[in-house]
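Trainee: What shape does this take:
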Amino acid sequence: MIVGLAWIGAGCSTPSLPPAHSSNPLPECPDSPNCERVSRTYDAPPDTLYAAAKQALDQLGPTQLQLRPDAKRASAVYRVGLVFKDDVRVAVDSTDSGSRLHARSASRVGYSDLGVNARRVDRLLRAISSNL
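Mentor: From the prediction side, this is the model:
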């Protein structure tokens, strides 16, 4: 049965997102497949991108949301099922032509999340694009 679950989990991957940018200030993901960490560049000013990211985090329905507008950082906690919690962190910094969003979504426990965090990051990025 456990082998069957591992096989099912292996087939549930989502399309990969762009690789993490080398200047991503968020912690690296562990070797386990229960974390997603990406960077994406936008033409928008940092304040505009941060506002769109805050709105997107809220739209995804966190149980907790901490904002640090002065540093353009945000942290959110999302509940998975009845017991599990995932942590999402967002950071925005400026670039020569706009701004860069760094996002990280990770499970607190377990080895595999069956792609939950990768899908969450994908939904977050789509919501941010819609909010811009």
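
Trainee: Show residues contacting the lengthiest helix in the chain.
Mentor: Assignment by DSSP state H gives helix 116-131 as the longest helix of the chain. With contacts defined as Cβ atoms under 8 Å, 6 or more residues apart in numbering, helix 116-131 is touched by 13-17, 34-36, 38, 40, 42, 49, 51-53, 55-57, 59-60, 78, 80, 86, 88, 90, 101, 103, 105-107. All C-beta atoms are positioned from the backbone trio N, CA, C, and that covers glycine.

Trainee: Likewise for stretch 40-55?
Mentor: Residues contacting stretch 40-55 (Cβ under 8 Å, 6+ apart): 18, 21, 67, 69, 72, 74, 90, 92-95, 97-101, 103, 124-125, 127-128, 131-132.

Trainee: Neighbours of residue 131, how many?
Mentor: Number of residues near residue 131 (other Cβ atoms under 10 Å) recorded here: 16.

Trainee: Where does the closest residue to it other than its chain neighbours sit, in terms of helix or strand?
Mentor: Counting by Cβ to Cβ, 6 or more residues apart in numbering, residue 131 lies nearest to residue 52, which is 3.8 Å off, once chain neighbours are set aside. Per DSSP states H and E: residue 52 is located in helix 46-59.
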